[in-house]
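S.K.: Let's see this in three dimensions:
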Amino acid sequence: MTAFSLSGCELGVASAATQIEGGDLDTNWHRWAAAGRIADGSSPARAADHWNRVDEDLELLKTLGVKHYRMGIEWARVEPAPGEFDEAAIAHYRDEVAALRAAGITPLVTLHHFNLPGWLVDAGGWGSRSMKVDFGRFARRMVTELGEWVNEWIPINEPNVYATQAYLWGHWPPGERSLPKALAVMQAQAEVHIAAYQMIHALQPHALVGTASHLRAFAPADPDNPLHRVAAKASEHLFQRALLKAMNTGVFGWPFRRPSGVVPGRYYDFQGINYYARSSVRGLSDGVAEGVPVNDLGWEIYPQGLIEVCRWVHAAYPSPLYITENGTCDNTDAFRAKYVHDHLAQIAASELPIKRYYHWCFTDNWEWADGEVPRFGLVELNYETQARAIKESGHFYADIIANAGVTAQAYQRWVASQRYRIN
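M.R.: Okay, here's the model as predicted:
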């Protein structure tokens, strides 16, 4: 399929506060950078300086024509000490979401996107006994302050990625390597999501609250090897299925424990899916098959996997589907247009109720432990000057929005000549 329409699926872009805002703050990530744990030695203190360039970035959003913008709140900005809120920072976020609404752009707000204030890190982070209370206080204040303009919320982004990277593999702060701790953090995030869902609906009965789960297509490295098949199923269960069930339904099966005070029910209004790649599994680890298309970080490009994960999620938890993140690391913008085309083509051919697609990301940004090198944006960022420029893939995306799909002319201009790199 080269040309296609996207009736029923609206396009937007996504971002995360720590990755774009900049500023010398006290967060888990600023501390991690100060400890020299970022691959290129960079820090989120620079990032895309979005905090000071909201108006400029809003004009770029309008130029792209997006109608939906997923954004995050930097917890350390609005609550720099426990129970002490910064009114100026809150007003800044109010002004931002009001400006988005005035421009005809609907904000989808993420409350926790891998970011913790330093005082909570000192208290134990997601291992703190006060986390549910602390997060509840923060979330309640944000919903109260922003609720005039925002009624779509994601309490916690990619809890499985955060737990495994920070507590199992040790690549992210606090750098621990413990399966029991990783599972405990997943459990804590699921319980906090449920409490946040209930609280938001108490404040905003008609709000839309959902997950933003990082979901992968899992496949055995050798389909004929029974150990690989078992490992693929076990990895999928431990990484995503068990946690998604707990968050969505309040049913905590193996490997989690049954929490007190959580009543089974429905704790979602939509299913947010962050999809990037397929994992080729030999054991309880993440692998990439040989002879497959890959991006600049070595992740497999497997567009059909988007529909594979959407299909099982929708069967288990029927509701509107939002692709809350999908994009690729392409440092020279050599195949991003093809990547976008190929994933949107899967959506266009699907019968599933995929209502939103948020491209990750809006602009090149600070990519966590990898720093400033990986580039995922539709907008190119010069970190030294902070100059922005829409990439060719960004112009392609704007054309898709303007035409509610990919035209034959757009395909020939932006996609036809692009090729993936094979590993």
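
S.K.: quick one, helices of the stretch 101-250 of the chain?
M.R.: In the stretch 101-250 of the chain, the helices defined using DSSP state H, counting those that start in this stretch lie at 118-122, 131-146, 159-163, 179-203, 226-236, 242-249.

S.K.: Which one of these has the poorest average confidence?
M.R.: Out of the helices of the stretch 101-250 of the chain, helix 226-236 stands lowest, with a mean of 92 (criterion: mean pLDDT).

S.K.: From the centre of the protein, point out the most distant residue.
M.R.: Residue farthest from the centre of the chain, counting by Cα atoms, centre = their mean, is Asp224 at 33.8 Å.

S.K.: As CSV, the helices of the stretch 101-250 of the chain with mean neighbour count would be great.
M.R.: For every residue, glycine as well, the C-beta is placed using N, CA and C. Converted to CSV, these look like this (neighbours: other Cβ atoms under 10 Å):
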stretch, mean neighbour count
helix 118-122, 17
helix 131-146, 19
helix 159-163, 23
helix 179-203, 20
helix 226-236, 17
helix 242-249, 23
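
S.K.: what residues are up against the closest residue to Arg257 other than its chain neighbours?
M.R.: What sits nearest to Arg257 in space, not counting adjacent residues and going by Cβ to Cβ, 6 or more residues apart in numbering, is Gln187, at 6.9 Å. If you count contacts by Cβ atoms under 8 Å, 6 or more residues apart in numbering, Gln187 has them with Ala246, Phe252, Phe256, Arg257, Pro259.

S.K.: Quick check, pLDDT for Lys391.
M.R.: At Lys391, pLDDT is 98.

S.K.: actually Glu372, sorry about that
M.R.: pLDDT, Glu372: 98.

S.K.: Repeat that for Ser7.
M.R.: For Ser7, the model assigns a pLDDT of 87.

S.K.: Is it in a helix, a strand, or coil?
M.R.: Assigned by DSSP: H, G, I helix; E, B strand; the rest coil, the conformation of Ser7 is coil.

S.K.: Okay, it and Lys62: tell me how far apart.
M.R.: 23 Å (Cβ to Cβ, to the nearest Å).

S.K.: okay, those two: which has more neighbours?
M.R.: Lys62 (13 against 8; other Cβ atoms under 10 Å).

S.K.: contacting residues for that one?
M.R.: For Lys62, counting by Cβ under 8 Å, 6+ apart, the contacting residues are Ala103, Ile105.

S.K.: show me where the stretch 201-350 of the chain has strands.
M.R.: Taking DSSP state E, counting those that start in this stretch, the strands of the stretch 201-350 of the chain run over residues 208-214, 217-220, 270-274, 278-281, 293-294, 321-326.

S.K.: As JSON lines, those strands with mean pLDDT, distance to Tyr302 and mean neighbour count would be great.
M.R.: As requested, these are exported to JSON lines (pLDDT from 0 to 100; distance: least, Cβ to Cβ, whole Å; neighbours: other Cβ atoms under 10 Å):
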{"stretch": "strand 208-214", "mean pLDDT": "97", "distance to Tyr302": "15", "mean neighbour count": "24"}
{"stretch": "strand 217-220", "mean pLDDT": "94", "distance to Tyr302": "6", "mean neighbour count": "21"}
{"stretch": "strand 270-274", "mean pLDDT": "98", "distance to Tyr302": "14", "mean neighbour count": "25"}
{"stretch": "strand 278-281", "mean pLDDT": "94", "distance to Tyr302": "4", "mean neighbour count": "23"}
{"stretch": "strand 293-294", "mean pLDDT": "98", "distance to Tyr302": "8", "mean neighbour count": "19"}
{"stretch": "strand 321-326", "mean pLDDT": "98", "distance to Tyr302": "12", "mean neighbour count": "26"}
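
S.K.: what would those look like in a markdown table with distance to Ile194?
M.R.: Putting the strands of the stretch 201-350 of the chain into a markdown table (distance: least, Cβ to Cβ, whole Å) gives the following:
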| stretch | distance to Ile194 |
| --- | --- |
| strand 208-214 | 10 |
| strand 217-220 | 26 |
| strand 270-274 | 15 |
| strand 278-281 | 27 |
| strand 293-294 | 37 |
| strand 321-326 | 19 |
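
S.K.: Quick one: closest of those strands to Asn28.
M.R.: strand 208-214 (18.6 Å; Cβ to Cβ).

S.K.: ok, and what's touching that closest one?
M.R.: Here strand 208-214 has contacts from 110, 151-161, 193, 196-197, 200-201, 240, 243-244, 247-248, 267-276, 319, 322, 324-325, using Cβ under 8 Å, 6+ apart.

S.K.: change it to 6 Å
M.R.: 152-154, 157-158, 160-161, 197, 200, 244, 247, 268-270, 272, 274, 324 (Cβ atoms under 6 Å, 6 or more residues apart in numbering).

S.K.: Could you do stretch 412-422 as well?
M.R.: Pro293, Ile301, Phe335, Ala337, Lys338, His341, Phe396.

S.K.: now swap in stretch 132-139 and tell me
M.R.: Trp75, Glu79, Leu111, Val192, Ala195, Ala196.

S.K.: what about 7 Å?
M.R.: The contact list for stretch 132-139, computed with Cβ atoms under 7 Å, 6 or more residues apart in numbering, reads Trp75, Glu79, Pro82, Gly83, Leu111, Leu120, Pro155, Glu191, Val192, Ala195, Ala196, Met199.

S.K.: do stretch 345-359 as well
M.R.: Here stretch 345-359 has contacts from 1, 4-6, 8-14, 68, 70, 303-304, 306-307, 310-311, 314, 320-327, 340, 344, 378, 397, 405, using Cβ under 7 Å, 6+ apart.

S.K.: Pull out the buried residues from these.
M.R.: For those, a burial check counting by 16 or more other Cβ atoms under 10 Å picks out 4, 6, 9-14, 68, 70, 303, 306-307, 310, 314, 320-327, 340, 344, 378, 397, 405.

S.K.: Excluding residues flanking it in the chain, which one is nearest Trp366?
M.R.: Closest to Trp366 by Cβ to Cβ, 6+ apart is Ala47, at 4.3 Å.

S.K.: who's in contact with that neighbour?
M.R.: Gln19, Ile20, Glu21, Gly22, Asn365, Trp366.

S.K.: what do you get if the cut-off is 10 Å, keeping everything else the same?
M.R.: Contact partners of Ala47, counting by Cβ atoms under 10 Å, 6 or more residues apart in numbering, are 16-23, 363-367, 372, 381, 383, 386.
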